[in-house]
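Chemist: return a 3D structure for these sequence lines:
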Amino acid sequence: MNPELVRTGVVLGLLLAIGAVVGLARWLIARRQARVLAEAPALDLPPLAPEQAASARILVFSSDDCAPCHRLQAPAIQKVVAARGPLVAVTE
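Modeler: Model prediction:
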């Protein structure tokens with residue numbers, strides 16, 4: 001058998017195996033993130049008194065290329081803002 005053909009077959013097989021491992025890892029990570037977001041506890045927060053409204057401030061630290069910040073932190077912050085509305089100030 002031609003050695004170049006064997007090498008090409010081995011390289012293609014390795015590329016397919018690496019692609020399968022990367023695809024499986026991405027699928028597992030996406031599944032885990034979906035489960036974490038689905039299992040997030042409901043926000044049953046007591047109402048804030050008017051004098052406490054000024055102290056309800058959330059500082060959000062992230063960057064443009066931080067995937068966990070955008071996939072996990074952002075939905076959690078949105079839930080808090082939806083539950084509290086104008087009583088919560090979010091600063092990025």
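Chemist: any idea how far I58 lies from A89?
Modeler: According to Cβ to Cβ, to the nearest Å, I58 stands 7 Å off from A89. In this view, the C-beta of every residue, glycine as well, is placed from N, C-alpha and C.
Chemist: ok, now R32?
Modeler: R32 is 31 Å from A89, by Cβ to Cβ.
Chemist: more neighbours: which of those two?
Modeler: Shown here are R32 and A89; by other Cβ atoms under 10 Å, A89 has more neighbours (14 against 10).
Chemist: setting aside sequence neighbours, what's the nearest residue to the more buried one?
Modeler: R57 (4.7 Å; Cβ to Cβ, 6 or more residues apart in numbering).
Chemist: ok, that neighbour touching V88?
Modeler: Yes: contact criterion Cβ atoms under 8 Å: R57 and V88 qualify, at 7.4 Å.
Chemist: in terms of neighbours, single out the busier of the two.
Modeler: A direct count of neighbours by other Cβ under 10 Å for R57 and V88 places V88 higher, at 17 against 10.
Chemist: pLDDT averaged over stretch 6-22 - what is it?
Modeler: Here stretch 6-22 scores 95 as its mean pLDDT.
Chemist: chain center to that stretch, what's the gap?
Modeler: Relative to the centre of its chain, stretch 6-22 is centred 30 Å away, using Cα atoms, centre = their mean, to the nearest Å.
Chemist: show me what the helix or strand hosting V22 is packed against.
Modeler: Using DSSP states H and E, V22 maps to helix 3-38. Contact here means 3 or more Cβ pairs under 8 Å, 6 or more residues apart in numbering; DSSP states H and E; on that basis helix 3-38 packs against no helix or strand.
Chemist: and the pLDDT at the residue nearest to A89?
Modeler: 80.
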